[in-house]
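Engineer: Next one to model:
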Amino acid sequence: MSAPFSFTYGPRVTCGEGSARRVADMLPDGPVLFVTDRQIVSLGLAEPALEALRTSGRPVAVFDAVEADPSRATLEAVVAAGQDIAAAGVVGFGGGSPMDVAKLAAYLLGSGDDLDTIWGVGNARGTGLPLVLIPTTAGTGSEATPVSIITLPGDEKRGVSSPALVAGNAVLDPALTLGLPSAVTAATGMDAMVHAIEAYTSRHLKNPLSDMLAREALTLLAGNLLIACTEPANIAAREAMLLGAHLAGVAFANAPVAGVHALAYPLGGRFHVPHGLSNVLMLPHVLAFNMSAALPLYAQLGPLVDPELAGLGGQAQAQGLLEALRNMAETAGMPSRLAEVGVSRADLNRLAADAMLQERLLRNNPRPITLDDARQLYEAAL
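Structural biologist: Below is the predicted model:
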């Protein structure tokens with residue numbers, strides 16, 4: 001028998017090509033705050049959803065100035081935009097950054113809480129505005145999770161984690177991901193794979209339901225990532241990637257991520273490395289570090305990523321997982337060294353100190369990571 005556990009399934013999911021056009025059916029009457037970024041708008045990806053909202057007769061305010069690693073100032077500007085129109089509902093449309101901002105803005109607009117009182121886990125207990133999240137990348141899983149990450153002055157990343165942030169609806173429309181460049185498809189897809197792996201090996205709150213979702217997520221993602229990279233118009237592969245990323249999001253919303261993410265966040269905060277790539281750069285090194293504590297679990301995941309590992313011994317399967325992930329990143333053309341994204345040896349102490357601030361994540365790692373360990377892991381990745 002497993003230990004007692006609780007599990008939150010997350011938003012209602014609408015999946016299928018063209019499903020973003022149904023967004024108006026998911027919101028109450030009244031003004032809508034539409035949170036996205038300028039690239040999404042310039043590519044025209046938001047038009048079907050915006051057209052559906054406008055056709056429904058709802059006033060729509062589009063906030064398209066969300067940046068990567070969104071700042072507190074951006075969040076506050078989004079909240080102000082929502083107040084200006086007396087928003088009745090919020091849509092987050094794009095990658096993890098617009099969705100994270102939309103989640104927290106919807107909560108703050110509905111609850112009236114002060115942001116500085118809700119940082120951390122479980123401190124947001126009010127009720128946010130009705131929220132629909134529509135991802136345009138298959139990676140972050142942000143549409144499934146109760147977490148929003150904001151970058152504060154000084155490049156510190158701080159999060160709010162609470163069931164009150166979970167969206168009422170998530171829309172998985174593979175048509176929105178068809179134009180993604182191969183590099184973005186690869187980075188975001190491997191980010192989702194890290195979510196599944198870390199949920200499956202999380203030291204706290206790992207449970208049979210999160211395990212089931214993590215395994216299915218990893219199977220979908222590993223089986224379709226390179227197809228989506230090499231056949232960008234393959235709608236079936238794109239849909240499988242979106243669903244895999246979502247399932248991984250539900251898994252890690254319940255069994256939280258750990259050391260890979262803890263060491264990835266400073267790379268985003270200090271060097272503005274895209275989050276998915278930050279995870280890929282640290283993944284093999286943290287997995288190797290964890291091997292002594294997580295080998296049986298890594299062995300179970302190995303054949304899901306590389307079916308040729310089935311039937312081998314546990315050590316070979318666990319090591320095979322690490323090598324399969326490394327090979328997948330290389331085949332997709334992703335950088336493999338921190339030096340390739342501007343990190344130098346002089347930065348390692350600062351990065352390690354920043355990583356130690358991620359206590360919310362570090363406590364979930366299968367093996368404790370000390371300050372010295374963190375520096376050695378960054379050095380190994382350099």
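Engineer: Please count neighbours and contacts with C-alpha atoms only from this point.
Structural biologist: Will do.
Engineer: Give me the domain ranges for the protein.
Structural biologist: The record's domain split for the chain, according to automatic domain parsing, is 12-176, 181-381.
Engineer: Tell me which of those domains sits nearest to Ala3.
Structural biologist: Smallest distance to Ala3 across the domains of the chain (Cα to Cα): 7.9 Å, for domain 181-381.
Engineer: Strands of the stretch 151-300 of the chain, residue ranges please.
Structural biologist: Secondary structure of the stretch 151-300 of the chain (DSSP state E, counting those that start in this stretch): strands located at 156-161, 169-172.
Engineer: which residues are contacting the last one?
Structural biologist: Spelled out, that is strand 169-172. Residues outside strand 169-172 that contact it (Cα atoms under 8 Å, 6 or more residues apart in numbering): 11-16, 19-20, 23, 26, 131-135, 143-144, 239, 242-243.
Engineer: Try it again at 7 Å.
Structural biologist: Strand 169-172 has contacts (Cα atoms under 7 Å, 6 or more residues apart in numbering) with 11-16, 19-20, 26, 131-135, 143, 242.
Engineer: Can you flag the buried ones in the residues you listed?
Structural biologist: 11, 13-16, 19-20, 26, 131-135, 143, 242 (16 or more other Cα atoms under 10 Å).
Engineer: can you count the residues close to Val343?
Structural biologist: 18 (other Cα atoms under 10 Å).
Engineer: Would you mind measuring from the closest residue to Ser182 other than its chain neighbours to Glu340?
Structural biologist: Among residues not flanking Ser182 along the chain, Cys229 sits closest, at 4.8 Å (Cα to Cα, 6 or more residues apart in numbering). The gap separating Cys229 from Glu340 is 21 Å, by Cα to Cα, to the nearest Å.
Engineer: Look at these two and report which has more neighbours.
Structural biologist: Taking other Cα under 10 Å, Cys229 and Glu340 do not tie; Cys229 has more neighbours (22 against 11).
Engineer: who's in contact with that one?
Structural biologist: 182, 185-186.
Engineer: hang on, the earlier thing: which ones among the contacts of strand 169-172 map onto helices?
Structural biologist: Leu242 (DSSP state H).
Engineer: Any regions of the stretch 101-250 of the chain where pLDDT drops low?
Structural biologist: Within the stretch 101-250 of the chain, no stretch has pLDDT under 70.
Engineer: please redo it, this time with the cut-off set to 80
Structural biologist: 155-156, 179 (pLDDT under 80).
Engineer: residues in contact with stretch 43-54?
Structural biologist: For stretch 43-54, contacts defined as Cα under 7 Å, 6+ apart pick out 20-21, 23-24, 40, 60, 176.
Engineer: Next, the buried residues of it.
Structural biologist: In terms of neighbour count (16+ other Cα under 10 Å), stretch 43-54 has its buried residues at 45-46, 48-50, 52-53.
Engineer: What segments of this structure are helices?
Structural biologist: Under DSSP H, the chain gives helices at 38-42, 47-55, 72-84, 96-111, 182-201, 208-230, 235-254, 259-271, 275-305, 314-331, 348-356, 359-362, 371-381.
Engineer: contact partners of the fifth one?
Structural biologist: With Cα under 7 Å, 6+ apart as the contact definition, helix 182-201 has outside contacts at 137-141, 206, 211, 214, 217-218, 221, 225, 229, 245, 248-249, 251-252, 255-258, 276-277, 279-280, 294, 297, 332, 366.
Engineer: what's the angle between that helix and helix 275-305?
Structural biologist: Counting by axes from the mean of the first three to the mean of the last three Cα atoms, to 10 degrees, helix 182-201 lies at 60 degrees to helix 275-305.
Engineer: now helix 182-201 against helix 208-230, angle please.
Structural biologist: Here helix 182-201 runs at 160 degrees with respect to helix 208-230, directions being taken by the same axes, to 10 degrees.
Engineer: how far is helix 182-201 from where the chain is centred?
Structural biologist: 8 Å (Cα atoms, centre = their mean, to the nearest Å).
Engineer: For the stretch 251-382 of the chain, which residues score under the pLDDT cut-off?
Structural biologist: Scanning the stretch 251-382 of the chain for pLDDT under 80 picks out nothing.
Engineer: The residue nearest to Ser182 and Gly244: what is the separation?
Structural biologist: Distance of Cys229 to Gly244, given as Cα to Cα: 15 Å.
Engineer: Same check on Pro284?
Structural biologist: From Pro284 across to Gly244, the span is 21 Å (Cα to Cα).
Engineer: Please say which of the two ends up with more neighbours.
Structural biologist: Neighbours were counted for Pro284 and for Gly244 using other Cα under 10 Å; Gly244 has more, 30 against 22.
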